[in-house]
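A.B. asks: What shape does this take:
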Amino acid sequence: MPTRMSRGGFRNLRFVVLASLLILVIYKLSTGRVVAPDPLSQQPWEPDVQSTTGGVGETKKSQQDLDVQTTINVSQSIDSYNRANATFITLARNSDLWDLVESIRNVEDRFNDKYHYDWVFLNEEEFSDEFKEITSAFVSGQTHYGLIPEQHWGFPDWIDKDKAAETRENMKHIIYGDSISYRHMCRYESGFFWRHPLMNNYKYYWRVEPGVRLFCDIDYDLFKYMEQEKYRYGFTVSLYEYHDTVPTLWDTTKEFLENNPQYVANDPLLDFVSDDGGETFNLCHFWSNFEVADMDFWRDDAYREYFDYLDKTGGFFYERWGDAPVHSIAASLFLNRTEIHHFEDVGYMHSPYTNCPTEESERIRLRCTCRADDNFSWRGYSCTPKYYKVNNFPPPKGWTKQADDDVLRYLADS
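C.D. replies: Below is the predicted model:
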């Protein structure tokens with residue numbers, strides 16, 4: 001005679017049945033390869049991995065295929081950016097390689113890894129394979145390597161070499177005063193770099209030298225800013241030139257202007273380079289180791305004829321005319337003052353001078369690693385206070401904490 005199952009036994013049987021059903025479902029799910037994705041594991045920039053079926057069996061995209069696809073997507077994003085027609089430009093020798101690599105890495109980290117502008121390297125000798133290989137590995141844009149023509153790096157036919165040698169002997173007490181190569185460099189930077197065939201492809205340039213540093217993030221495109229605001233010359237540091245290197249430069253400039261008054265701009269920045277209406281040169285100039293500029297300015301008739309006039313007098317060799325005062329005088333005379341811009345927010349150093357953003361909040365926002373106390377802009381030997389005063393620009397917030405007493409008095413008279 002059958003016996004009634006106890007209530008406890010029934011519960012045990014129900015548990016066994018449910019457990020068996022659960023095991024069966026799990027088995028089916030696992031063999032059917034149905035796996036729920038983890039949303040946290042899928043980053044938005046990762047390519048979608050999809051399997052495809054064809055022919056005999058199932059195939060998947062290899063990791064190499066995915067890497068190529070990712071690279072293509074990144075490249076398309078870069079190529080879609082509407083860059084200005086611009087390049088970096090560096091004059092260097094093979095021996096400058098490692099100092100230059102530090103500068104390139106600095107510029108890339110702080111600016112160019114976002115925009116991927118090209119970089120042109122020029123040398124009076126052929127660049128080595130090592131130089132090309134290493135620099136191209138650090139530059140995010142295209143790199144170009146050019147040879148300076150012999151006629152642009154040497155003594156012109158009209159130069160008396162004995163007289164030039166005597167000048168160098170008499171200027172040994174001045175920095176680079178006895179250097180031949182420095183004079184070739186200054187002449188080349190003044191009148192020829194923008195004529196190089198590689199530079200013909202561009203309108204704007206940013207000059208970078210070995211050993212320089214950028215201290216702050218640059219969170220906008222300097223080239224596009226120049227283009228949109230119609231600036232033609234930009235600088236970070238300005239200072240006084242050594243008088244003994246340019247004793248006749250201003251008189252030679254006045255001679256040129258007497259014959260070519262049509263080239264003077266309608267509203268020139270004459271009061272930056274002269275304190276007496278153009279009678280004398282006050283020695284103020286923009287430090288050209290950092291300059292962002294429009295090469296069409298150098299290509300214009302005004303500057304071409306001005307440089308040719310200076311060059312014929314021999315001042316690059318019979319004195320020690322630098323490209324910085326030559327560029328600065330030309331910009332101050334042939335451009336309107338509204339076309340010249342101080343990049344106060346660009347933290348920059350070319351030994352021994354530093355431009356560090358004056359306002360503390362800017363230094364923090366741009367992650368600057370320069371010290372406010374090192375900012376040269378408001379020191380007595382800087383011409384930047386004059387640039388602000390003659391343009392009636394208010395100095396940046398916090399400038400009084402960094403200024404020398406002479407600068408405080410000078411700007412207080414504004």
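A.B. asks: use CA for all of it now, contacts and neighbours both
C.D. replies: OK.
A.B. asks: Show me the shaky parts of the stretch 51-200 of the chain.
C.D. replies: Where the stretch 51-200 of the chain drops to pLDDT under 70, the residues are 51-79.
A.B. asks: 90 instead, please
C.D. replies: Regions of the stretch 51-200 of the chain meeting the criterion pLDDT under 90 cover residues 51-81.
A.B. asks: now the strands for it?
C.D. replies: Using DSSP state E, counting those that start in this stretch, the strands of the stretch 51-200 of the chain run over residues 51-54, 57-60, 86-91, 118-123, 143-147.
A.B. asks: tell me the angle of the last one relative to strand 118-123?
C.D. replies: Right, strand 143-147. Calculated by axes from the mean of the first three to the mean of the last three CA atoms, to 10 degrees, strand 143-147 forms an angle of 20 degrees with strand 118-123.
A.B. asks: Over to the third one?
C.D. replies: Strand 86-91 and strand 118-123 meet at an angle of 20 degrees, taking the same axes, to 10 degrees as the criterion.
A.B. asks: Off-centre distance for strand 86-91?
C.D. replies: Distance of strand 86-91 from its chain centroid, counting by CA atoms, centre = their mean, to the nearest Å, is 8 Å.
A.B. asks: Kindly format the C-alpha coordinates of it as PDB.
C.D. replies: The C-alpha trace of strand 86-91 is given here as PDB (Å, rounded to 0.1, in the frame of the first residue of the first chain):
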ATOM      1  CA  ALA A  86      52.200  77.100 -41.300                       C
ATOM      2  CA  THR A  87      55.300  75.200 -40.100                       C
ATOM      3  CA  PHE A  88      58.000  75.200 -37.500                       C
ATOM      4  CA  ILE A  89      61.400  76.200 -38.600                       C
ATOM      5  CA  THR A  90      64.800  75.300 -37.100                       C
ATOM      6  CA  LEU A  91      68.300  76.200 -38.200                       C
END
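A.B. asks: For that strand, enumerate its sheet partners and note whether each is parallel or antiparallel.
C.D. replies: When pairs are called by DSSP bridges, strand 86-91 turns out to pair with strand 118-123 (parallel), strand 204-207 (parallel).
A.B. asks: What score does the closest residue to residue 397 other than its chain neighbours have for pLDDT?
C.D. replies: Of all residues beyond its chain neighbours, the one nearest residue 397 is residue 359 (5.4 Å), with distances taken as CA to CA, 6 or more residues apart in numbering. At residue 359, the model reports a pLDDT of 98.
A.B. asks: Could you pull up the contacting residues of residue 359?
C.D. replies: With contacts defined as CA atoms under 8 Å, 6 or more residues apart in numbering, residue 359 is in contact with 396-399.
A.B. asks: Likewise for residue 139?
C.D. replies: For residue 139, the residues meeting the contact criterion (CA under 8 Å, 6+ apart) are 104-105, 108, 116, 118-119.
A.B. asks: mind checking how far it is from residue 119?
C.D. replies: Remark: distance between residue 139 and residue 119 (CA to CA, to the nearest Å) = 7 Å.
A.B. asks: Check residue 80 too.
C.D. replies: Residue 80 sits 19 Å away from residue 119, taking CA to CA as the criterion.
A.B. asks: try residue 187
C.D. replies: Relative to residue 119, residue 187 is positioned 22 Å away (criterion: CA to CA).
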